[in-house]
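[1] The following comprises the amino acid sequence and a computationally predicted model.
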Amino acid sequence: MTAGDLKALTLTTLRQPDVAARQLMAMSLGRDVLWIALFLAVILSTAMMTFQNLIYPPHPSTPAVFTETWMYLGVVGIGELLFIYGIYLAGGWMKGHGSLNDIMVVLVWWQLLQVGIQIVLVFLVMVAPPLASLASLAAMAYGVYVLLHFISQAHQLNSLGRAAGVLVVALFAIAFALSLLIALVGGSVVGLTNV
C-alpha cells in the first residue's frame, strides 16, 4: 500500500467510514500482517505517550502505567487484544457474522488512526492549548462514530444501534476481565499505583 493509498483510505474513513470498512475487509489481509500492524499501533501509541511525558512531565501522583514506558506498552497491548476479542465475541453473541480477520482489520486501522490523531493533538497542545481541548473532544466523539460504523460493517449488523450494543457489551466484559486480573495480580503490578 502506497502513501497515496493510505491518504485516500484515511479520507474515506473520515467521510464514509462504512465504505472504508468494506474496503479494508476487501483487502483480505493475512493474520500475520494484522498482528504486525497491531504491534505497530501499540508501539507508536507508547512512543507518543513517552514523547508527551518528555514535553510535559506528569504530576508525581500520576499512576505509573502512564509514566513507565514498558508498563504502558504492556497494558496497551493487553487492552488492544481484549478489545479486539471483546468486539469479536460480543458481536457473535448479538448475531453478528464478522470473522476475527474482519474485526481485526477495522479495529487495527482505527487504532492507527487514533495514533495519528494523538500526534496532531500533541502538536496542538504545543501551539494552541485551548484549541487542543476542543479538538480532543471532537476527535473523541467522531472516533466513536467511526468505530460504530466499523463494528456494524465488520459484523454485518447494518445498524449503528446494534453496533453500539456490541461495543457496550464488549466494554463491560473487558472491564470485568480487567477487574479479575487486577484482583489476581494486584493493582501495583499493572501500574495502578505508584507504590
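    It's in.
[2] which helix is the longest one in the chain?
    helix 100-127 (DSSP state H).
[3] Quick one: mean pLDDT for whatever helix or strand comes next after that one?
    Counting by DSSP states H and E, the element after helix 100-127 in chain order, helix or strand, is helix 129-154. Helix 129-154 shows a mean pLDDT of 93.
[4] swap in stretch 19-27?
    96.
[5] Go through that stretch and flag the buried ones.
    20-21, 23-25 (16 or more other C-beta atoms under 10 Å). Quick note: C-beta positions are derived from backbone N, CA and C, even for glycine.
[6] what distance separates stretch 60-75 from the centre of its chain?
    17 Å (C-alpha atoms, centre = their mean, to the nearest Å).
[7] Check which residues of that stretch are buried.
    Counting neighbours by 16+ other C-beta under 10 Å, stretch 60-75 gives 63-65, 67-68, 71-75 as buried.
[8] Repeat that for stretch 150-162.
    Buried residues in stretch 150-162 (16+ other C-beta under 10 Å): 150-155, 157, 162.
[9] Now render the residues you listed as TSV, adding distance to W35.
    Converted to TSV, the buried residues of stretch 150-162 look like this (distance: C-beta to C-beta, whole Å):
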residue	distance to W35
F150	18
I151	20
S152	24
Q153	21
A154	17
H155	21
L157	25
R162	28
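[10] Name the nearest of those relative to D102.
    A154 (4.5 Å; C-beta to C-beta).
[11] Excluding chain neighbours, what is closest to M126?
    Leaving aside its sequence neighbours, M126 sits nearest to I55 (C-beta to C-beta, 6 or more residues apart in numbering; 7.0 Å).
[12] mind checking pLDDT for the one you found?
    For I55, pLDDT reads 81.
[13] go on, G187?
    49.
[14] Next: the one 4 residues further on.
    pLDDT, G191: 47.
[15] Thought L131 was touching V125, still the case?
    No - using C-beta atoms under 8 Å, V125 makes no contact with L131, being 9.1 Å away.
[16] Quick check: the gap between L148 and G161.
    According to C-beta to C-beta, to the nearest Å, L148 stands 9 Å off from G161.
[17] if we can go back for a sec, show me which of the buried residues of stretch 60-75 is closest to Q118.
    Y72 (12.9 Å).
[18] Is the closest one in a helix, a strand, or coil?
    helix (DSSP: H, G, I helix; E, B strand; the rest coil).
[19] any idea how far it is from L157?
    From Y72 to L157 the distance is 33 Å (C-beta to C-beta).
[20] before we move on, what about M48?
    From M48 to L157 the distance is 32 Å (C-beta to C-beta).
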